[in-house]
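# here is a sequence with its predicted model. Questions after.
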Amino acid sequence: MYERHILICAGTGCISSGTREVKQALEKELTKHNLQDKVRIILSGCHGFCEKGPIFIVYPEDIFYCEVKADDIPELVEEYLVKGNIVERLLYKDPATSATVTSHEEIPFYSKQKRQVLRNCGVIDPENIDEYIIRGGYQGLKNALNMEPREIINTVKRSGLRGRGGAGFPTGMKWEFAYHSPGEKKYVVCNADEGDPGAFMDRSVLEGDPHAVLEGLAIAGRAIGSDEAYIYVRAEYPLAVRRLRTAIAQAEEYGLLGDNILNSGINFKINIKEGAGAFVCGEETALLASIEGERGMPRPRPPFPAVKGLWGKPTCINNVETLANIPLILRHGADWYNAVGTEGSKGTKIFALTGKVNNTGLCEVPMGITLREIVFDIGGGIRGGKNYKAVQIGGPSGGCIPESLLDLPVDFDSLTAAGAMMGSGGMVVMDEDTCMVDLARYFLSFTQRESCGKCTPCREGTKRMLEILERITRGKGEPEDIPRLEKLAKVVKDSSLCGLGQTAPNPVLTTMRYFRDEYEAHIFDRRCPAGLCRDLLRYYIDSEVCTGCRACTKVCPAEAISGEKKEPHTIDEAKCISCGACFDRCKFGAVKKK
Amino acid sequence: MERFIDPCCEECFNSKDNPCEQFIDCCLSGPLCHKSEACAAKRKAIIAKLAHSPGYLKG
């Protein structure tokens, strides 16, 4: 029996921050103090608070240490494990009060979260199936095997679960279509491609609780009458792939996958297919083509995959997070599940909170929580005390939500009405220094690059839109560019073959809807209000502040700055190339942007 | 019995060729096919070894 258990977050984020070194140092120190048989080390999944990683939690006391480095371990072991003295400097400190807290439950980042899908992430060893079983794992599958398929589908329909991959299609309805499609051979597919830049919701579930996804797949298979599944996971997630393979092997050993599961007569096999780095393969028909060994390109629908999918067979495709919800629904019931959320959006949603917030990381919140609560209560507000400007939800397919809509409830329908979309859960927060035109350009450059090229509206339309945006950010925008962009966006949205093209204009459309003044400033005033677009920037020296130290003249590559020593200097705009070197160099803040 | 898949005693017939439909419930509440304090203790020992806090067992 262990006296203590130490959970060290081993999500990809904390591994990058040094978890492996922390573990090695801990093993060494425990051996040194002869504690190796009394203290269990667990490399857990993502605990969510990536900003403060590596996370190091000691149980049973539930002491939450953060930003732990390998060099801290000797002190932690000596002072806390041996002597029982809490190491205060490694505790979380509330930025408002400077008070330290010992338990993660007292940390504001966690207080408004409802970790259902992430219930095991950061709590168990994801490579130990026994831990998953102890915490209720495979109870859902056991229940499903004792239900008729129609009963399972009705339960999922009653739960109100909607797809978490972006479109929000009712999951029970999708299963029902596949169930009713004729054919002896059917497939279930897990979309684990997660191509949105900065999104890591699915990665965290796959790394931290892979059995939840396997169980969800097996239940889906029972519901629609399928005996085989594919998990299409991006190859850029090697840890997730490894954990999935380990979990599948364990589930097969335990008879929870394979033939005659729990003596039910039901067989179910799960295969892994690694993606090859194409964003478009997150689109379901392109994904299926990729599994088939074809080039990842979307196909016209109808027929929809539920009718004719993988190798022409009825196929049900669900996102990772969607599938991870299923065991909970089958274990606790539809009423339990739909007690959380709003009328049209039940349950919880995981968001990858990134950008200009103090607390970046992974959070799971009940549907219906406001954006303000996510950004300011969970996210801890804007870094550096700057002003909130917008939040981009849904990645390159999503839209921006301005300050005026901060109290919008986060659910499928409210976000769609605001011109954005839930998307898969990427949430990028922006402050006053973000140029919204440049942001639209950035997201469009991504989707344009990832366009598969099959249909003209996406292939050519996004390219033309990008050219216009690049011209605007370089100070060469024309008055007709705004109506041009709007018209092109509509054509691309309405006539593209798949979701990539249909949603690529969203960042442009929402920034034009809520930040039209920035577009107009770029075009008519040749000015970037955020002071970001280099070609629209002009630097000048404030003569009231300048001390004439000449530091700026030494770094100016264009010899555009002149002035006598100890006299205010000036910048020759004709020579200035707007590189910003003088701005970065001036210690007195005398160099300003306009 | 180090893991739940290991048989608790000779009474346990669960295997790939002859799976037990009660396996999942048996992991936590077993043994279910026979009475044995010793076998029950083996399961409790697995759980006790892994459960790191009161909240852990609430799932």
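It's in. Numbering: from 1, shown residues only, chains lettered A, B, ... in the order given.

# please enumerate residues in contact with the stretch of helix or strand A:E460 belongs to?
A:E460 is located in helix A:456-473, with elements delineated by DSSP states H and E. With Cβ atoms under 8 Å, 6 or more residues apart in numbering or on different chains as the test, helix A:456-473 has contacts from A:435, A:437-438, A:440-441, A:444-445, A:447-448, A:451-453, A:477-478, A:481, A:484-485, A:488-489, A:491-492, A:494-498, A:500-501, A:504-505, A:508, A:519, A:522-523, A:528, A:533, A:535-536. For the C-beta atoms, the positions are set from N, CA and C on the backbone; glycine is no exception.

# of these, select the buried ones using a PyMOL command.
Selection of the buried residues among the contacts of helix A:456-473 in PyMOL, burial being defined by 16 or more other Cβ atoms under 10 Å in any protein chain shown:
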select buried, chain A and resi 435+437+438+440+441+444+447+448+451+452+477+481+485+488+489+491+492+496+497+498+500+501+504+505+508+519+522+523+528+533+536
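
# among the contacts of helix A:456-473, which lie within helices?
Among these, the members found in helices (DSSP state H) are A:437-438, A:440-441, A:444-445, A:447-448, A:481, A:484-485, A:488-489, A:491-492, A:494-495, A:500-501, A:508, A:519, A:522-523.

# A:N267 contacts A:D227, doesn't it?
Yes: assessed by Cβ atoms under 8 Å, A:N267 is found in contact with A:D227 at 4.8 Å.

# which intervals of the chain have sub-threshold pLDDT?
Going with chain A. The model of chain A has no residue with pLDDT under 70.

# think we crossed wires, I meant chain B
For chain B (pLDDT under 70), the answer is B:59.

# what are the ranges of the helices in it?
Remark: helices of chain B, listed N- to C-terminal, are B:23-29, B:37-50; assignment by DSSP H.

# so how far is chain B from A:A178?
A:A178 sits 26 Å away from chain B, going by Cβ to the nearest Cβ, to the nearest Å.

# around chain A, pick out the residues from chain B.
Taking Cβ under 8 Å from any Cβ of the partner chain as the measure of proximity, chain B contacts chain A at B:3-5, B:14, B:16, B:18-21, B:23-25, B:27-28, B:46-57, B:59.

# give me the buried subset of those residues.
B:4-5, B:14, B:19-21, B:23-24, B:27-28, B:46-47, B:50-52, B:56.

# tell me which residue is most central in chain B.
Geometric centre of chain B, nearest residue: B:C27, 3.1 Å, by Cα atoms, centre = their mean.

# pretty sure that one is touching B:K44, no?
No: using Cβ under 8 Å, B:C27 is not in contact with B:K44, being 11.2 Å away.

# distance-wise, check A:Q24 relative to A:D494.
In this view, A:Q24 and A:D494 are 56 Å apart by Cβ to Cβ, to the nearest Å.

# if we can go back for a sec, buried sites along the helix holding A:E460?
Buried residues in helix A:456-473 (16+ other Cβ under 10 Å): A:457-459, A:461-462, A:465-466, A:468-469, A:471-473.

# for stretch A:67-78, buried residues please.
Buried residues in stretch A:67-78 (16+ other Cβ under 10 Å): A:67-68, A:70, A:72-73, A:76-77.

# run through who's touching that stretch.
With Cβ under 8 Å, 6+ apart as the test, stretch A:67-78 has contacts from A:8, A:18, A:21-22, A:24-26, A:28-30, A:32-33, A:35, A:52-56, A:65, A:87, A:90.

# mind running it again at 10 Å?
Residues outside stretch A:67-78 that contact it (Cβ atoms under 10 Å, 6 or more residues apart in numbering or on different chains) are A:6, A:8-9, A:14, A:17-30, A:32-33, A:35, A:39, A:51-56, A:58, A:63, A:65, A:82-83, A:85-87, A:89-90, A:92.

# list only those of those flagged as buried.
A:6, A:8-9, A:14, A:17-20, A:22-23, A:25-26, A:29-30, A:35, A:39, A:51-56, A:58, A:63, A:65, A:86-87, A:90, A:92.

# what about the residues you listed, which are in strands?
Assigned to strands by DSSP state E, the following of the buried ones among the contacts of stretch A:67-78 qualify: A:6, A:8-9, A:39, A:56, A:58, A:63, A:65, A:92.

# which one is the closest residue to chain B within the stretch 451-594 of chain A nearest to, not counting chain neighbours?
Proximity to chain B, evaluated over the stretch 451-594 of chain A using Cβ to the nearest Cβ, is greatest for A:G499 at 35.8 Å. What sits nearest to A:G499 in space, not counting adjacent residues and going by Cβ to Cβ, 6 or more residues apart in numbering or on different chains, is A:E283, at 5.2 Å.

# give the contact list for that neighbour.
Listed by Cβ under 10 Å, 6+ apart, the contact set of A:E283 reads A:166, A:191, A:193, A:195, A:289, A:296-299, A:452, A:497-502.
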